[in-house]
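> I'll drop the sequence and a predicted model, then ask my questions.
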Amino acid sequence: MTQPNVLWICTDQQRFDSLGSYGNEYVDTPNIDRLAERGVQFDRAFCQSPVCAPSRASFLTGRYPRTTGVRQNGQQIPEHETLVTKTLADEGYTCGLAGKLHIGPCNPRADDRPMMEKRIDDGYAEFRWSHDPNRTWPTNEYRQWLRERGEEYDPTPHPNSEHVETGVAPENMQTTWCAQKAINFVEEAADFEQPWLYSVNFFDPHHPFVAPEEYLERYEAILDEIPLPEYEEGELDDKPDFHEDYHRGAYRNPDMFPFAEMDETDHRLLRAAYWAMVDLIDDQVGRLLDALERSGQREDTLVIFMSDHGELLGDNGAYLKGPFFYEQSVRVPLIASMPGEIREGVTSDALVELVDLAPTLLDAAGVEREPGMQGESLWPTLTGDSDLDEHRDAVYAECYNAPGAHWDETRQYVTMIRTDRYKLTKLHGEDTGELYDLEADPTETENLWDAPEYADRKAQLLSDLTDRMAWTMDPLPEREAPF
């Protein structure tokens, strides 16, 4: 096999159950569903952090957050870290990006922040940067594109909920811009022999929840049918205290999605807007796949669809993200497709991690992996050389100082291990955590941390967690001598 092209599509804050192929009966996602039909869908893929920057630095390097040094938003990835795009560029790939990168500080309101996140030698020859749709950086190419076309990004509050915004035409959304930049690259690259990789990094369906009216209307027509968040009154009583903090307001901010103060219309409309944003993503994925077909590159291109982490969406009594490891937070969609080269129309039940993606791409390209990589390649699973449903015994994730924690002196350092049946999280520095039996309690409502009948199980999982923390220590520098 010659080295494949790679179309790497990454959404932001998209939970696993927001696609038709993952069982969602409400969304309209025929293009991503078609991608799954022509490839491998991983039903149990997990990010290494429920927060943007640590997760992205992890899957771009194949190393865990505690290893890369990007353990929280607002940290700069060290220059010595090697992105998989850099390795591929050194091997002859032309790499490009449109949209978000976020492996460095991205707060334009800080006086000492530059006008774009600081780049290391990341391997991207084309870099169409737009961290988000807002007019906060002059280097935001999406905003420049709007200005060129005489258009505006002008969302307005929804008349029935202050938590949802509408009014931006689909053709003016950042998602559409991202796709168009990638299409331009893909069609131009068809005339050249060298392989390419393009990162399409949509900001959607990240909050604020801005949905084009024509996409939202379909859900408004069935608003009463949209399920309310899965939450039981009193379920937070036996969970760590920060759960109650985020219940009162996302990121501990009582002005941001205060669950208890939102009514049923708020909850349903917010979920509808989220799904509408996913539908727009699907339309743009369809345009990308059409461009591959039109340019004769579909069978030469490995297409990956994924997200960096999930979204609580009101489940378990909170919105957005934080030091939470519920399935909605850390379980993400992951689909890979390359007709004629990898398995088609199959679903994997294996436990996999996003840290596995970087070594997978290097295996696909026939490039030797970086010595510091910690992920386990999925390429044998994709090509049929290993069991479809076996990869890891457990998955591991970590969250250090989540969003909102910097507003006071409280910091949550939480790590997670999840097996086929059980999930344990440990709140470090306190004698507490969470333990769920996912078979008996798939909604993670009942915390079994203090349940006597689960004491032995908790002890074993805590031991397994400490093992994973040891095994994720940086393997660099390599050993050069016996002493």
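Okay, I see it.

> List of residues touching the helix or strand encompassing W177?
Applying DSSP states H and E as the criterion places W177 in helix 174-189. For helix 174-189, the external contacting residues (CB atoms under 8 Å, 6 or more residues apart in numbering) are 5, 7, 94, 96, 98-99, 126, 128, 130, 132-133, 141-142, 145-146, 153, 170, 196, 198, 200-204, 277, 280-281, 284-285, 287-288, 291-292, 294-295, 297. Every C-beta, even on glycine, is put in place using the N, C-alpha and C of the backbone.

> Among those, name the ones in strands.
5, 7, 94, 96, 98-99, 126, 128, 196, 198, 200-201 (DSSP state E).

> Output these as TSV; include the columns neighbour count and distance to R418.
Conversion of those to TSV gives the following (neighbours: other CB atoms under 10 Å; distance: CB to CB, whole Å):
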residue	neighbour count	distance to R418
N5	24	33
L7	27	29
T94	19	37
G96	24	34
A98	26	33
G99	29	29
E126	18	37
R128	24	36
W196	26	35
Y198	26	32
V200	28	28
N201	23	26
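
> Which of the residues you listed sits closest to C52?
Set against C52, the nearest of those by CB to CB is N201 (10.6 Å).

> what's the closest non-adjacent residue to that closest one?
Ranked by CB to CB, 6 or more residues apart in numbering and with sequence neighbours excluded, the top spatial neighbour of N201 is G99, at 3.5 Å.

> wait, what's in contact with that neighbour?
128-130, 142, 174, 178, 199-203.

> Quick check: of the residues you listed, which lies closest to G366?
Using CB to CB, the contacts of G99 come closest to G366 at S199, 20.4 Å.

> could you measure the nearest residue to the closest one once chain neighbours are set aside against A89, distance?
Among residues not flanking S199 along the chain, L97 sits closest, at 4.3 Å (CB to CB, 6+ apart). Going from L97 to A89 by CB to CB, to the nearest Å gives 12 Å.

> And T472, by the same measure?
Distance from T472 to A89, counting by CB to CB: 27 Å.

> and for L97 and A89, which residues touch both?
Y124.

> More neighbours: these two, which one.
Taking neighbours as other CB atoms under 10 Å, L97 and A89 compare with L97 leading, 26 against 18.

> Counting neighbours, what do you get for L83?
If we define neighbours as other CB under 10 Å, then L83 has 25 of them.

> Would you confirm that it contacts S58?
No. Counting by CB atoms under 8 Å, L83 does not reach S58; the two are 11.1 Å apart.

> on that earlier part again, partner residues bridging the residue nearest to S199?
Beta-bridge pairing for L97 (DSSP bridges): F127, S199.

> Contact partners for it?
Contacts of L97 (CB under 8 Å, 6+ apart): 124, 126-129, 198-199, 201.

> Relative to Y198, how far out is it?
7 Å.

> Identify the contacts common to these two.
E126.

> And R135, what's its pLDDT?
Looking at R135, its pLDDT reads 86.

> got the contact list for it?
143, 153.

> The same query, at a cut-off of 6 Å, please.
R143 (CB atoms under 6 Å, 6 or more residues apart in numbering).

> now it, what's its secondary structure?
coil (DSSP: H, G, I helix; E, B strand; the rest coil).

> mind checking how far the most centrally placed residue in the chain is from N73?
In the chain, the residue lying closest to the centroid (CA atoms, centre = their mean) is D308, at 1.5 Å. According to CB to CB, D308 stands 12 Å off from N73.

> Pull up the overlap in contacts between the two.
Going by CB under 6 Å, 6+ apart, residues that sit against D308 and also against N73 are C52.

> pLDDT at C399, what is it?
95.

> Quick check on it: phi, psi?
Backbone torsions for C399, taken as degrees, to the nearest 10, come to phi -140, psi 120.

> How many residues are close by it?
The number of residues near C399, taken as other CB under 10 Å, comes to 30.

> bridging residues for it?
Beta-bridge partners, per DSSP bridges, of C399: V414.

> what about stretch 224-235, how long is it end to end?
With CA to CA, to the nearest Å as the measure, the ends of stretch 224-235 fall 25 Å from one another.

> Start at 137, not 1
Okay, residue one is now 137; in that scheme the one you just asked about reads as stretch 360-371.

> neighbouring contacts of it?
So stretch 360-371 is contacted by 403-404, 407-408, 450-453, 579, 581 (CB under 6 Å, 6+ apart).

> Widest-spaced pair of the residues you listed?
A408 and T581 (24.1 Å).
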